[in-house]
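Chemist: I would like to see how this sequence folds:
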Amino acid sequence: MEIAVKKSKLSGMIEIPGSKSHTIRAVFIASLASGTSTIKMPLVSEDTVAALRAASILGAWIKRGDDTVWRISGMGGHLLQPAGVIDMANSGTSLRLFTAMAALGSFKVRFDGDSSLRTRKMASLLEALAAMGAQVESANGQCPLSVTGPIEGREVLVDGKTSQFLSALLLVAPLLKEPTTIHVDKLNERPYVHLTLDWLKRQNIEVKFDEDMTRFEVSGGHRYQPFSTLIPVDFSTAAFPLLGAAVTGGEVKIPNLDFKDSQGDKAVFDFFARMGVKITHGEHFTTVKGPRKLKAFDLDLNATPDALPVLAVAAACAEGVSTLRNAPQARIKETDRIACMTAELRKMGIAVEELEDGMVITGGKLKACTDLQSCKDHRIAMALAIAAMAADGESVVHDADCVAVTYPAFIENFRAAGADFSENEF
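Modeler: Have a look, this model is predicted:
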């Protein structure tokens, strides 16, 4: 599917779906608990459905109803042996977490996914699980792969290039008989680890870790308990209407944002405030009003790498030279986001210097382009569609179906708020 975009202004109310990170962790813990958990207002997207599918295949009983409430009866830690390969589609988070879950069993579990997922690095997590007693099979440290448990609590080392490796180990370690010590090398994306630790704290499981977050100690012998929770709005997704208002001079109201939540991408609102965007926090709504022109900026994105596509577009519309730095992990997401955003913004007439860990972008007037490529990455597809709203003429974003990974209603919601979007199906 393609999105044809013409210059337009974003104004009105835009509702944002629930957090992907919270939803997948909720599904994970509920699936291993003894009893039935209730997950209210989950994100319903391709990534979270992949997590549900894996949970169901491994033994959890799931009732989705109208998808406003999921009820999950957990397996109490006793996994079922799958008959075939578990398809994780495009969900890197689900792949990492459920690979660790599978290692709790005493049988082989095989995982695979789409062409994009097959590029996602898994070697360090597989090595850590092997050090804990699992047998792992993978030709190149990527999907397709298999894992055969059970694992035991031991002292292990894991790469921190993506925080998902550490989160996967933290979520299974409490269920092991023996304590686990996890050493982490160069941890990126720390807010996601804090989010995982918050979920463990809700289960009355305390994890000891040093100030530098290089060593984590997890006691064993715990069981997950059923729970009821309301999934908070996703700040990573809320960054898109924020960007839309900022670059088109519009005004958008976003309901139900909880700035007390542990999601790291809430920092993006502070970033935009520094650029001159007026942000007002009401009781039920956060109002965002774009300025006449955005101010240039210099940002460290190590804690918020998912915001790189959004901030790259903001930089392209700002006055002066902006720098996005310290986000090497942005190269190992659904695609190499640094390389892709560099290439696509250059097509729109923007001067971009590609760095190993970021971008230097000279703001200018965006030109329409009918050959914008999403690289089959949901965040890039949405960021480019919004960039096209600020360009004269008509642009086309190709392979835009991927927005369904986290924001299935993106086109519908933005169109209702003034975006001149047209869908072209093939």
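Chemist: what helices or strands is the helix or strand hosting Ala315 leaning on?
Modeler: Using DSSP states H and E, Ala315 falls within helix 308-317. Where contact means 3 or more C-beta pairs under 8 Å, 6 or more residues apart in numbering; DSSP states H and E, helix 308-317 is packed against helix 235-248, helix 267-274, strand 321-325, helix 337-347, strand 359-362, helix 378-389. The C-beta positions use only the backbone N, C-alpha and C, and glycine is treated the same way.
Chemist: Which among those is found nearest to Arg71?
Modeler: Nearest to Arg71 among the helices and strands packed on helix 308-317 is helix 235-248 (24.3 Å), distances taken as C-beta to C-beta.
Chemist: so where's this structure uncertain?
Modeler: Counting by pLDDT under 70, the chain contains low-confidence ranges at 426.
Chemist: And it, what are its domain boundaries?
Modeler: For the chain, the structural domains run 2-17+233-424, 20-216+225-230, going by automatic domain parsing.
Chemist: most tightly surrounded among the helices and strands packed on helix 308-317?
Modeler: helix 378-389 (a mean of 29; mean count of other C-beta atoms under 10 Å).
Chemist: tell me the angle of it relative to helix 337-347?
Modeler: Relative orientation of helix 378-389 versus helix 337-347 (axes from the mean of the first three to the mean of the last three C-alpha atoms, to 10 degrees): 20 degrees.
Chemist: Helices of the stretch 101-250 of the chain, residue ranges please.
Modeler: For the stretch 101-250 of the chain, helices defined by DSSP state H, counting those that start in this stretch occupy the ranges 123-131, 163-172, 190-202, 235-248.
Chemist: Those: which one's closest to Leu79?
Modeler: helix 163-172 (11.3 Å).
Chemist: Can you give me the buried ones in that closest one?
Modeler: 163-172 (16 or more other C-beta atoms under 10 Å).
Chemist: which residues touch that helix?
Modeler: For helix 163-172, contacts defined as C-beta atoms under 8 Å, 6 or more residues apart in numbering pick out 25, 28-29, 92-93, 96-97, 99-101, 103-104, 124-125, 128, 151, 156, 158-160, 180, 182, 184, 187-190, 192-193, 196-197, 199-200, 207, 216, 218.
Chemist: Next step: those residues restricted to strands.
Modeler: Counted as lying in strands by DSSP state E, out of the contacts of helix 163-172, are 156, 158-159, 180, 182, 184, 207, 216, 218.
Chemist: mind putting the residues you listed in JSON lines, neighbour count and distance to Gly84 included?
Modeler: Output for the ones in strands among the contacts of helix 163-172, formatted as JSON lines (neighbours: other C-beta atoms under 10 Å; distance: C-beta to C-beta, whole Å):
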{"residue": "Val156", "neighbour count": "20", "distance to Gly84": "29"}
{"residue": "Val158", "neighbour count": "22", "distance to Gly84": "28"}
{"residue": "Asp159", "neighbour count": "18", "distance to Gly84": "30"}
{"residue": "Thr180", "neighbour count": "24", "distance to Gly84": "30"}
{"residue": "Ile182", "neighbour count": "22", "distance to Gly84": "31"}
{"residue": "Val184", "neighbour count": "24", "distance to Gly84": "34"}
{"residue": "Val207", "neighbour count": "18", "distance to Gly84": "35"}
{"residue": "Phe216", "neighbour count": "22", "distance to Gly84": "34"}
{"residue": "Val218", "neighbour count": "24", "distance to Gly84": "32"}
